[in-house]
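J.: Here's a sequence, model it:
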Amino acid sequence: MPVSLPNTTVADTYPAPGSGGAQIAGTDILDHGYFVVANNSVICQYSYGTEGQSNPSPEFFLATGVYPLSGTDVSPINGLRFKNAVAGKAAQVFGAFFYKNDPTLIAASPFDSQISSSGTVTPPVSSGAYISGELSQATILAGTGFTASRPGTGQYTVTFNTPFAATPDILIQIIDAGNGQWHAPILLAVAANSFTVQFKNNVGTATDASWFFLAQTMQ
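T.: Numbers count the residues shown, from 1 in each chain. Now for the predicted structure:
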């Protein structure tokens with residue numbers, strides 16, 4: 001099952017191990033994933049290793065954006081932590097990380113929206129429009145500016161309160177499908193005012209899921 005980093009406000013110092021906050025800790029053999037940095041820049045450090053070993057990386061200065069992260073069989077990812085690059089300039093981070101052979105979709109485009117601690121997204125005027133959300137089936141857990149419905153098992157339609165000026169690009173990340181095995185999400189329809197996605201398990205049966213989406217247009 002993927003390891004999730006929920007939308008989190010970054011502090012000026014690294015969180016203590018096991019204390020929650022802007023970190024992934026106490027895991028092992030994570031193979032790949034992605035995370036989003038929003039609002040302000042951060043300092044990021046990851047750790048890697050096997051069989052109880054943990055080797056820290058150098059510290060990295062990261063501007064706002066969407067970042068993929070990948071390990072190897074010899075050096076899988078086993079931790080990730082963040083602190084604000086500038087004291088008092090709080091960033092928001094969120095993401096998901098996966099074990100080897102877990103399916104995922106990783107974006108690598110800029111992310112310049114403002115995200116509040118409650119998950120509200122304010123898109124920048126000069127960089128296009130963004131709407132994101134986290135859902136359990138069609139129940140909205142985070143995000144605003146849209147509604148969701150469930151036409152059938154594992155099938156969800158998101159309708160934007162205000163249509164985009166053009167058909168947006170859609171990134172979809174599954175968080176939980178119950179049994180930990182599934183096919184990649186299938187986009188059935190995308191328009192300026194809505195999209196419909198279908199989730200299926202590893203034998204092709206429609207399966208309800210918890211999931212995240214990011215819809216964006218770039219000028």
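
J.: following the host helix or strand of residue 150, which helix or strand shows up next?
T.: Applying DSSP states H and E as the criterion places residue 150 in strand 146-152. Note on strand 146-152: by DSSP H and E, the next helix or strand toward the C-terminus is strand 155-160.

J.: Identify the residues contacting that following strand?
T.: 131, 133, 135, 137-138, 145-151, 188, 192-199, 206, 211, 213, 215 (C-beta atoms under 8 Å, 6 or more residues apart in numbering). C-beta coordinates here come from the backbone N, C-alpha and C atoms, glycine included.

J.: hang on, the earlier thing: helices or strands up against the strand holding residue 150?
T.: Packing contacts for strand 146-152, counted by 3 or more C-beta pairs under 8 Å, 6 or more residues apart in numbering; DSSP states H and E, involve strand 129-136, strand 139-142, strand 155-160.

J.: Which of the ones you listed has the lowest mean pLDDT?
T.: Sorting the helices and strands packed on strand 146-152 by mean pLDDT places strand 129-136 lowest, at a mean of 84.

J.: Between strand 129-136 and the helix or strand residue 5 falls within, find me the angle.
T.: Element membership for residue 5, per DSSP H and E: strand 3-9. Taking axes from the mean of the first three to the mean of the last three C-alpha atoms, to 10 degrees, one finds strand 3-9 and strand 129-136 inclined to each other by 130 degrees.

J.: Show the subsequent helix or strand relative to strand 3-9.
T.: strand 23-24.

J.: Can you list the strands that that following strand pairs with?
T.: strand 77-84 (antiparallel) (DSSP bridges).

J.: Can you report the mean pLDDT over the residues of the following helix or strand past the strand it pairs with?
T.: Counting by DSSP H and E, the next helix or strand C-terminal to strand 77-84 is strand 92-99. For strand 92-99, mean pLDDT rounds to 84.

J.: So for this structure, the centremost residue is which one?
T.: In the chain, the residue lying closest to the centroid (C-alpha atoms, centre = their mean) is residue 95, at 3.4 Å.

J.: Noted, bye for now.
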